[in-house]
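S.K.: this is the structure alone, sequence omitted:
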């Protein structure tokens, strides 16, 4: 941080340091054909909105995508195939935030995505 010019980092709050961090949120949307597309970074969504997409008559259901999981090795992937059932996909989808109209999302006001341990520590 000192190399980037932030010499008073010990006086800054954790929230102010995080506010300067790039927006790492990812979004997915459901198109009119019912398919889910994404994840896309917030900056891409904002650029498309400035171009007239995802607003007004072009609004689509949208939600924040979960952070990407680290890639598993081929052996791990093979072994999990034996334990896998399709029920966990449905359960994971149900635990995620509800779809909202892209017109109802204020991308500038939405809080950054924090891990639950980050929120508890602040």
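M.R.: Happy to help now that I have it. Because the structure is predicted, anything quoted here is derived from the model rather than measured.

S.K.: let me know the secondary structure of residue 37.
M.R.: Secondary structure state of residue 37, per DSSP: H, G, I helix; E, B strand; the rest coil, is strand.

S.K.: for the residue nearest to residue 103 when sequence neighbours are not counted, give me its contacts.
M.R.: Of all residues beyond its chain neighbours, the one nearest residue 103 is residue 59 (4.3 Å), with distances taken as C-beta to C-beta, 6 or more residues apart in numbering. To be clear about C-beta, it is placed using only N, CA and C from the backbone, and glycine gets the same treatment. Listed by C-beta atoms under 8 Å, 6 or more residues apart in numbering, the contact partners of residue 59 are 101, 102, 103.

S.K.: so the first one sits right up against residue 57, yeah?
M.R.: No: here residue 101 does not reach residue 57: they are 11.6 Å apart, not a contact under C-beta atoms under 8 Å.

S.K.: quick one: residue 23 from residue 66, how far?
M.R.: 16 Å (C-beta to C-beta, to the nearest Å).

S.K.: how about residue 103?
M.R.: Counting by C-beta to C-beta, the gap from residue 103 to residue 66 is 23 Å.

S.K.: with residue 35 instead?
M.R.: From residue 35 to residue 66 the distance is 18 Å (C-beta to C-beta).

S.K.: thanks again, I'm all set now.
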